[in-house]
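Participant: coordinates only, no sequence provided:
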């Protein structure tokens, strides 16, 4: 029995490594995948500084990176990401970034899950936080089931209990939201201050 285990355990590790390697190789056909170092133990496979780049259906380019990625040898399709970052360069020239201390990638279902808080920002001046989010790469839909706070560059703020964002249709749907505007819609800000004249 011990002799059999001495052969089967390393063989099992090789099969897991082969499965992960095949996933990485397949990824290189649709995008760019980079790593610094791979560490293999009987319990897990850890990849240092993984980075993956690709193109979405609408032509936007994206890069997903992390300090480390770790997969259990029993579930190589579930990958834990430490200090994960997503940078999306949209076709209209706007760059979007999301950062999370911890995230999880389900490579079988093509889902990215963030149970905690993700900080978001774009080059138009939008900033915010999303809590308990799942992004479905195939459907191009982001679902947030926790608190959402979004601050727009013009001073508009949105606070909501949840969010569904359809990236392909560019439709934002908020749950139980409160929107605070910097001024009343239709108000002419310049005319309200025109009474002040310099002497």
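Facilitator: In hand now; what should we look at? Predicted, not measured: the structure shown is a model, and the values here were computed from it.
Participant: report the central residue of the chain.
Facilitator: residue 86 (5.0 Å; CA atoms, centre = their mean).
Participant: chain center to the strand ranked longest in the chain: distance?
Facilitator: Scanning the chain for the strand with the most residues, using DSSP state E, yields strand 75-89. Put simply, strand 75-89 sits 7 Å off its chain's centre (CA atoms, centre = their mean, to the nearest Å).
Participant: please apply the same query to stretch 142-162.
Facilitator: Centroid separation between stretch 142-162 and its chain, computed with CA atoms, centre = their mean, is 16 Å.
Participant: what bridges to residue 130?
Facilitator: Beta bridges link residue 130 to residue 118, residue 148, judged by DSSP bridges.
Participant: could you list every residue that touches it?
Facilitator: 98, 114, 117-118, 120, 142, 144, 146, 148, 163 (CB atoms under 8 Å, 6 or more residues apart in numbering). For every residue, glycine as well, the C-beta is placed using N, CA and C.
Participant: distance of it relative to residue 137?
Facilitator: 17 Å (CB to CB, to the nearest Å).
Participant: ok, the closest residue in space to residue 164 that isn't next to it in sequence - how many residues close by?
Facilitator: With CB to CB, 6 or more residues apart in numbering as the criterion, residue 164 has its nearest non-adjacent residue at 4.5 Å, and that residue is residue 173. Residue 173 sits with 12 neighbouring residues when counted by other CB atoms under 10 Å.
Participant: no further questions, thank you.
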